[in-house]
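S.K.: got a sequence here, can you build the structure:
(one chain, ligands or ions: 1)
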Amino acid sequence: MPKLELLPAVDVRDGQAVRLVHGESGSETSYGDPLSAALAWQRAGAEWLHLVDLDAAFGTGDNRAQVAEVTRSMDIKVELSGGIRDDASLAAALATGCTRVNLGTAALETPEWVAKVIAEHGDRIAVGLDVRGTTLRGRGWTRDGGDLYETLARLDAEGCARYVVTDIAKDGTLQGPNLELLKNVCAVTDRPVVASGGVSSLDDLRAIATLVPEGVEGAIVGKALYAKAFTLEEALEAVSV
Ligand SMILES: O=C(O)c1ccccc1NCC(=O)[C@H](O)[C@H](O)COP(=O)(O)O
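M.R.: Predicted coordinates:
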């Protein structure tokens, strides 16, 4: 059985690495230079980086040049997220050399475009399913975007390769992941799922790792690493068996 992949997160707002609570604009704590943070995770043994342009996600500007520089500076795989909603933003994101992009709002608001780019780019496109209960949220998590399971069925039929599943109520709270949500999503799709939001401890990561046979491929870890709840080396060790 493959081991759980870990994706340390670097969320960029106004040029700084930050973490939000519940993804809410204005709730950020700053953790300094994004490139330094990303390089630190790489040095610690990360195989993936989850890199988010929060300003692009919220429509408060963007950090595209900086995010592209971070991506180009990495020797590891990068999953790029935040504000990728049209041909121009997708082309710019893919041109950074990232391994894949994560589409959020676009999957809810412009489904025809998402179906087209899934067909064109296959595995380089993941879709972020950001949920409260079973309702999806779009636009930097501020708008309702329909039913999780209906959208999942549609994206599956369109050939979506992978889902990044975030329980917004857990995100940035260090309250533990929503394992039920992950199980429920895995039960209705055969596509790999990346878990996001709420990881607080090594036990949380071990609990997510028990879902690998059900289809969970990876886990994004943000706040817990910045708050030094554990080190990335400890996290990689915890999921290595
Ligand atoms: O990923 C996005 O596009 C996004 C958009 C708007 C707000 C937040 C967004 N992502 C947040 C993340 O991906 C977090 O880094 C991740 O969920 C980690 O959460 P945690 O471990 O709870 O800090």
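
S.K.: need the pLDDT of the residue nearest to Leu90 when sequence neighbours are not counted.
M.R.: Excluding the flanking residues, the one nearest Leu90 by CB to CB, 6 or more residues apart in numbering is Ile84, at 5.4 Å. All C-beta spots, glycine's among them, are computed from the backbone N, C-alpha and C. On pLDDT, Ile84 comes in at 95.

S.K.: again with Ala209
M.R.: With respect to pLDDT, Ala209 scores 98.

S.K.: list the contacts for the residue found closest to it once you drop the neighbours it is linked to in the chain?
M.R.: Distances taken as CB to CB, 6+ apart put Leu4 closest to Ala209, at 4.2 Å, once the chain neighbours are dropped. Going by CB atoms under 8 Å, 6 or more residues apart in numbering, Leu4 touches 205, 208-209, 212, 216-219, 239.

S.K.: before we move on, back to that, ok, now how distant is the residue nearest to Leu90 from Ser196?
M.R.: Using CB to CB, to the nearest Å, Ile84 is found at 16 Å from Ser196.

S.K.: also Gly23?
M.R.: From Gly23 to Ser196 the distance is 10 Å (CB to CB).

S.K.: where do the contact lists of those two overlap?
M.R.: When CB under 8 Å, 6+ apart defines a contact, the residues bordering Gly23 and Ser196 alike are 166, 171.

S.K.: which one's more surrounded, those two?
M.R.: Between Gly23 and Ser196, counted using other CB atoms under 10 Å, Ser196 has the larger neighbour count: 29 against 23.

S.K.: doesn't Val164 make contact with the more buried one?
M.R.: Yes: assessed by CB atoms under 8 Å, Ser196 is found in contact with Val164 at 5.6 Å.

S.K.: list residues touching both of those two?
M.R.: Among the neighbours of Ser196, those also in contact with Val164 (CB under 8 Å, 6+ apart) are 128, 220.

S.K.: give me the number of residues near Gly15?
M.R.: Using other CB under 10 Å, Gly15 has 14 other residues around it.

S.K.: equivalent analysis for Ala46, please.
M.R.: 24.

S.K.: and what of the one 4 residues further on?
M.R.: For His50, the neighbour count with other CB under 10 Å is 26.

S.K.: which non-adjacent residue is nearest the residue in the chain that the ligand sits nearest to?
M.R.: Closest to the ligand within the chain is Gly222: 2.7 Å, counting by CB to the nearest ligand atom. The shortest distance from Gly222 to any non-neighbouring residue, by CB to CB, 6+ apart, is to Ala9 (3.8 Å).
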